[in-house]
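Student: below: sequence and its predicted model.
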Amino acid sequence: MPDVFSKENVPSYKRVDDHSIDPRHMRPDPDLNGRVRLPDIEKFKRDFLNPKIGQLQPITIKKVDGLPIIVDGVSRWRAALDITKAGQGPHGGVFKLKCSYFVGTPMECFIATIKANI
């Protein structure tokens, strides 16, 4: 991806790596998902499939035993998983999720989840 801004106009500009992962390769952390009732994901699915919208907010993941575990974004993951199972994603039927990597203790992960949902 080319630079969007020039260093001349925006001296603080820096591109960073994104993580893009097939939803079938990640799992939620049940200790961090505080939802009693699963929310409807149809709006996420519509947005994800709309090329003018897509996924606006990355999900937050941590690494456990070398695998991506969801800290925040279970509903977005569920939507991407449904799209992928239906073969409707833009990457050969897969809807790869944009992810932000989080490093922290279990308590810090819990706090991050709460803050993300306020």
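Tutor: That came in fine, so what should we check first? Numbers count the residues shown, from 1 in each chain.
Student: for the helix or strand that Lys62 is a member of, packing partners?
Tutor: Per DSSP states H and E: Lys62 is located in strand 59-64. Strand 59-64 sits against strand 67-72, strand 97-101, helix 106-116, with contacts defined as 3 or more CB pairs under 8 Å, 6 or more residues apart in numbering; DSSP states H and E. Bear in mind the C-beta positions are built from the backbone N, C-alpha and C, glycine included.
Student: with distance to Thr84 as extra columns, can I get these in a markdown table?
Tutor: Converted to a markdown table, the helices and strands packed on strand 59-64 look like this (distance: least, CB to CB, whole Å):
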| stretch | distance to Thr84 |
| --- | --- |
| strand 67-72 | 15 |
| strand 97-101 | 10 |
| helix 106-116 | 23 |
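Student: least reliable of these by average pLDDT, please.
Tutor: Across these, helix 106-116 has the smallest mean pLDDT, namely a mean of 84.
Student: show me which residues of that helix are buried.
Tutor: Buried positions in helix 106-116, judged by neighbour count with 16 or more other CB atoms under 10 Å: Cys109, Phe110, Ala112, Thr113.
Student: and which of those is nearest to Phe44?
Tutor: If you rank these by distance to Phe44 using CB to CB, Thr113 comes first, at 17.6 Å.
Student: shouldn't Phe110 be in contact with Thr60?
Tutor: No - using CB atoms under 8 Å, Phe110 makes no contact with Thr60, being 11.9 Å away.
Student: closest to Val10 out of the buried residues of helix 106-116?
Tutor: Ranking those by separation from Val10, with CB to CB as the measure, puts Ala112 on top at 27.9 Å.
Student: residues contacting that closest one?
Tutor: Counting by CB atoms under 8 Å, 6 or more residues apart in numbering, Ala112 makes contact with Thr60, Val71, Asp72, Phe102, Gly104.
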